[in-house]
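**Q** can't give you the sequence, but here's the structure:
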Ligand SMILES: Cc1cc2nc3c(=O)[nH]c(=O)nc-3n(C[C@H](O)[C@H](O)[C@H](O)COP(=O)(O)OP(=O)(O)OC[C@H]3O[C@@H](n4cnc5c(N)ncnc54)[C@H](O)[C@@H]3O)c2cc1C
């Protein structure tokens, strides 16, 4: 396909368009249909509906206050402590208040089975950084349970599913009112325009622009990049969480895959290559149960100080619980390690910090509104809930809580908005940008550029940052951005992985630039953002969050805003 004639592009009209089919996307669909069954809902999903994204990868579980001895105030305190008080406290409060309701809904309406204790109550396990054992789970495959049941629910409510279709750009009318978005069917290579009264963006963020990374491959920051191009403000983009225990398996796709937090909760030890339990040096009180940022930095420091394994890792060991017990409690992780020739049940396994979760994202309010009328954002694409560091178990809670709320908001507001006429110039520009790599006669393939991007981010804007490294990283991103604008992929348009990679690369570069820009601004260390040249947390100067925005002419502005302690003071 060369050139797209906008007049020939098929148009799909729908009341509510949900972009992404992870926990946030599917909970949103269910809530729209429950509140307003007459509304027509369409899902646009880059991967298989309900089987793509990270919610299905959730191993450890879901934080919710269920025990009378626990309290939402305590959950809020843990969430804000973990987030180093950078959180939007109203979003965090919404999360902890709604989480128990969502667990109830998942069990009674969606049909999930969570593990139960002998007394019949839902079993809740320990997770790092929490003062109460409040993590609901189904073995160590909680995400499969939730997403499998949510997928089943789709056969009941029957949304229009556009699978293997990637959203490209938000589109407004000539007056700037949101009308819908442009999209691309990856199987046929055909362009598509979707018009909607309400658009919900839930593409799951991205921490995939790093050499070692945990999230699903199809997540490349598309939703955040789309909102950025549309001029929406982003917050906390420097706050990218590294999980301390990602598998190391050479060139295998298993490299980066997470060995979950529950292991450390259950008593796993971390050793360096000398056999020292090195957490003693970094957090002697909490040891392995310290928060992710501390444990990741500890592992990274050990590796950089030459106390790592020959292949650049450290070791996690839980075999002292006994092989049978480890197999019973962590079947998914045992299987995963055996696939790469190691065995969690019987001995230590080599791990490294792995890029895991993006706390930053689009500014929203508790009902998922953004600055743009008709546009809602939910799940990992939104910023603010977790502040500088997400607690294990608060991620799937966020996606399902805010996905539900986005659905309620969409149902309530859809009838107040009509269908608009897309600005033809925007539509043409979006498709021209997307089809350009396919139409160029010569140029680099995108794959080596993606690798260079991941290396540049790993080295310059990773677990430990400093001014010189960030500047070098930005220079690399500048160069890669220029080269990526000239990539060329051979045809045809159908099922063309190189073309999809080129589009992924552009979005990853876009998001990576905002991560570096925000990391340069924050001259202190807080949570996941550690500056070796500013190693202390500086509350006097930096009890503020960074907001970035792109103007229509492409220029970028930034400002910092004071965190409002509406619920709790540090
Ligand atoms: C390995 C791993 C383990 C985790 N374990 C836990 C845990 O134990 N507890 C916890 O609380 N959190 C955990 N998390 C975090 C948790 O998975 C996320 O916080 C949450 O699930 C994100 O949900 P989401 O709905 O926002 O996105 P996702 O579930 O990631 O879904 C994103 C969806 O967007 C689609 N998409 C992407 N781009 C486009 C596009 N351009 N157009 C259309 N569709 C698009 C994808 O196909 C996918 O359907 C884990 C994450 C990882 C990576």
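**A** Looks like it came in fine. None of the values given here were measured: they were computed from a predicted structure.

**Q** which residues in the stretch 301-450 of the chain form helices?
**A** 323-329, 331-339, 395-413, 424-439, 447-460 (DSSP state H, counting those that start in this stretch).

**Q** Any part of the second one near the ligand?
**A** No: interface with the ligand: helix 331-339 contributes nothing (Cβ under 6 Å from any ligand atom), its closest point being 10.3 Å away. Where you see a C-beta, it was placed from the backbone N, CA and C, and this is true even at glycine.

**Q** Which positions in that helix come out as buried?
**A** Residues of helix 331-339 classed as buried by neighbour count (16 or more other Cβ atoms under 10 Å): 332, 333, 334, 336, 337.

**Q** Is there a neighbour count for residue 363? I'd like the number.
**A** 23 (other Cβ atoms under 10 Å).

**Q** Now do it against residue 234, distance only.
**A** Residue 363 sits 7 Å away from residue 234, going by Cβ to Cβ, to the nearest Å.

**Q** dump the residue contacts of residue 181.
**A** Applying Cβ atoms under 8 Å, 6 or more residues apart in numbering to residue 181 gives the contacts 17, 19, 44, 167-171, 193-194, 196, 199, 226.

**Q** hmm, try it at 7 Å
**A** With contact taken as Cβ atoms under 7 Å, 6 or more residues apart in numbering, residue 181 is in contact with 167, 168, 169, 170, 171, 194, 199.

**Q** quick one on the thing from earlier: can you tell me which of the helices of the stretch 301-450 of the chain is packed in deepest?
**A** Counting by mean count of other Cβ atoms under 10 Å, helix 395-413 has the highest mean neighbour count of the helices of the stretch 301-450 of the chain, with a mean of 27.

**Q** helices and strands around it, which ones?
**A** Applying 3 or more Cβ pairs under 7 Å, 6 or more residues apart in numbering; DSSP states H and E, we find helix 395-413 packed against helix 23-35, strand 62-63, helix 89-105, strand 191-201, strand 375-377.

**Q** related to what we said a few turns ago, let me know the closest of the contacts of residue 181 to the ligand.
**A** Nearest to the ligand, judged by Cβ to the nearest ligand atom, of those is residue 167 at 3.7 Å.

**Q** part of a strand, is the closest one?
**A** Yes: using DSSP: H, G, I helix; E, B strand; the rest coil, the secondary structure at residue 167 is a strand.

**Q** mind checking how far it is from residue 16?
**A** From residue 167 over to residue 16 (counting by Cβ to Cβ), the distance is 14 Å.

**Q** ok, now residue 416?
**A** From residue 416 to residue 16 the distance is 13 Å (Cβ to Cβ).

**Q** likewise residue 166?
**A** For residue 166, the distance to residue 16 - Cβ to Cβ - is 19 Å.

**Q** same deal with residue 285?
**A** 48 Å.

**Q** for the ligand, what are the nearby residues on the stretch 251-400 of the chain?
**A** Checking the stretch 251-400 of the chain against the ligand by Cβ under 6 Å from any ligand atom, the hits are 258, 260, 356-357, 379-380, 392-399.

**Q** higher neighbour count, residue 285 and residue 16?
**A** The neighbour comparison of residue 285 against residue 16 (other Cβ under 10 Å) goes to residue 16, with 27 against 7.

**Q** before we move on, back to that, could I get the buried residues of helix 331-339 as JSON lines with pLDDT?
**A** As requested, those are exported to JSON lines (pLDDT from 0 to 100):
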{"residue": "332", "pLDDT": "86"}
{"residue": "333", "pLDDT": "89"}
{"residue": "334", "pLDDT": "94"}
{"residue": "336", "pLDDT": "89"}
{"residue": "337", "pLDDT": "94"}
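
**Q** Adding distance to residue 370, write the residues you listed out as JSON lines.
**A** Listed next are these as JSON lines, based on distance: Cβ to Cβ, whole Å:
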{"residue": "332", "distance to residue 370": "36"}
{"residue": "333", "distance to residue 370": "37"}
{"residue": "334", "distance to residue 370": "42"}
{"residue": "336", "distance to residue 370": "37"}
{"residue": "337", "distance to residue 370": "41"}
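
**Q** Closest residue of the stretch 451-570 of the chain to the ligand?
**A** residue 507 (7.6 Å).

**Q** Quick check: residues of the stretch 1-150 of the chain near the ligand?
**A** Counting by Cβ under 6 Å from any ligand atom, the residues of the stretch 1-150 of the chain near the ligand are 19-25, 44-47, 52-55, 57-62.

**Q** Among those residues, name the ones in helices.
**A** Taking DSSP state H, the ones among these that sit in helices are 23, 24, 25.

**Q** OK, contacts around residue 298?
**A** Taking Cβ under 7 Å, 6+ apart, we find residue 298 in contact with 278, 279, 282.

**Q** tell me, how many neighbours does residue 352 end up with?
**A** 26.

**Q** Who does it form a beta bridge with?
**A** residue 246 (DSSP bridges).

**Q** Tell me how far it lies from residue 336.
**A** Taken as Cβ to Cβ, the span from residue 352 to residue 336 is 15 Å.

**Q** Worst mean pLDDT across the helices and strands of this protein, which element?
**A** In the chain, the helix or strand scored least confidently by mean pLDDT, DSSP states H and E is helix 262-265, which has a mean of 86.

**Q** Tell me the first helix or strand C-terminal of that one.
**A** strand 269-271 (DSSP states H and E).

**Q** quick one: strands adjacent to that following strand?
**A** With DSSP bridges as the test, strand 269-271 pairs up with strand 314-317 (antiparallel).

**Q** for the partner strand, what is the average pLDDT?
**A** For strand 314-317, mean pLDDT is 97.

**Q** Same check on stretch 342-359?
**A** pLDDT averaged over stretch 342-359 gives 96.

**Q** can you check stretch 70-88 too?
**A** 97.

**Q** How about stretch 266-277?
**A** 96.

**Q** what does stretch 118-137 give?
**A** Mean predicted lDDT for stretch 118-137 stands at 92.

**Q** which residues sit against it?
**A** Residues contacting stretch 118-137 (Cβ under 7 Å, 6+ apart): 60-67, 70, 74-75, 78, 82, 103, 114-117, 261-262, 264-265, 289-292, 391-393.

**Q** Over to stretch 222-238?
**A** Contacts of stretch 222-238 (Cβ under 7 Å, 6+ apart): 19-20, 86, 166-167, 169-170, 201, 203, 205, 359-363, 370-372, 377, 381, 383-384, 507, 510-511, 514-515, 518-519, 522, 529, 545-552.

**Q** Please state the offset of that stretch from the chain centre?
**A** 13 Å (Cα atoms, centre = their mean, to the nearest Å).

**Q** Flag every buried residue along that stretch.
**A** Buried, per 16+ other Cβ under 10 Å, within stretch 222-238: 222-230, 232-238.

**Q** State the pair within those residues that is farthest apart.
**A** 230 and 238 (21.5 Å; Cβ to Cβ).

**Q** Excluding chain neighbours, what is closest to residue 501?
**A** Leaving aside its chain neighbours, residue 501 sits nearest to residue 446 (4.5 Å; criterion: Cβ to Cβ, 6 or more residues apart in numbering).

**Q** In the stretch 201-350 of the chain, what residue lies closest to the ligand?
**A** Closest point on the stretch 201-350 of the chain to the ligand, by Cβ to the nearest ligand atom, is residue 204, at 2.6 Å.

**Q** From residue 383, how far off is that residue?
**A** Counting by Cβ to Cβ, the gap from residue 204 to residue 383 is 13 Å.

**Q** re the thing from before, which one of the helices and strands packed on helix 395-413 is the most hemmed in?
**A** Using mean count of other Cβ under 10 Å, strand 62-63 ranks as the most buried of the helices and strands packed on helix 395-413, with a mean of 30.
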